[in-house]
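[1] I need the structure of the sequence given here:
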Amino acid sequence: MISSESKEGVREGEIDLGSLTESAIRTVLTNSYRLGYDKIKINFRDKRALRVISNVVDNQLIGFEIIKKGGDHCIIENIFPQ
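    Below is the predicted model:
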């Protein structure tokens, strides 16, 4: 599920990951990136997803960083907003 909320020109979204496969996580994150979201909260059930998320952010989402980590979620944000 992907939802969005816009505040002051910053496009924010939230993703609930239902799959732990790397290809599924990579696809969802890169599609959100391409749609122009500046800040994305990612909810997951298994902490192993955080390793995959971190790998995708570091290697494929230029300008994005993980800015917050929680037990069942993390937040990634564009550190160079337009």
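[2] can you pull out the low-pLDDT segments for this protein?
    1-8, 82 (pLDDT under 70).
[3] please, where are all the helices along it?
    22-34, 48-60 (DSSP state H).
[4] out of those, which gets nearest to Asn78?
    Among the helices of the chain, helix 22-34 comes nearest to Asn78, with 8.6 Å by CB to CB. Quick note: C-beta positions are derived from backbone N, CA and C, even for glycine.
[5] return the set of buried residues in the closest one.
    Buried residues in helix 22-34, defined by neighbour count with 16 or more other CB atoms under 10 Å: 25-26, 28-29, 32-33.
[6] what do you get for stretch 54-65?
    In stretch 54-65, counting by 16+ other CB under 10 Å, buried: 56-57, 61, 64.
[7] now, among these, which is nearest to Ser19?
    Val56 (13.4 Å).
[8] quickly list what Ile42 is bridged to.
    Ile15, Cys74 (DSSP bridges).
[9] related to what we said a few turns ago, would you mind giving the buried residues of helix 22-34 as a markdown table with distance to Arg45 added?
    Formatted as a markdown table, those follow (distance: CB to CB, whole Å):
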| residue | distance to Arg45 |
| --- | --- |
| Ile25 | 12 |
| Arg26 | 18 |
| Val28 | 14 |
| Leu29 | 16 |
| Ser32 | 19 |
| Tyr33 | 22 |
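[10] return the member of the residues you listed nearest to Ala49.
    Closest to Ala49, out of all of those and judged by CB to CB, is Ile25, at 6.5 Å.
[11] tell me which residues touch that closest one, please.
    The neighbours of Ile25, taking CB atoms under 8 Å, 6 or more residues apart in numbering as the test, are 17, 19, 49, 52-53, 56.
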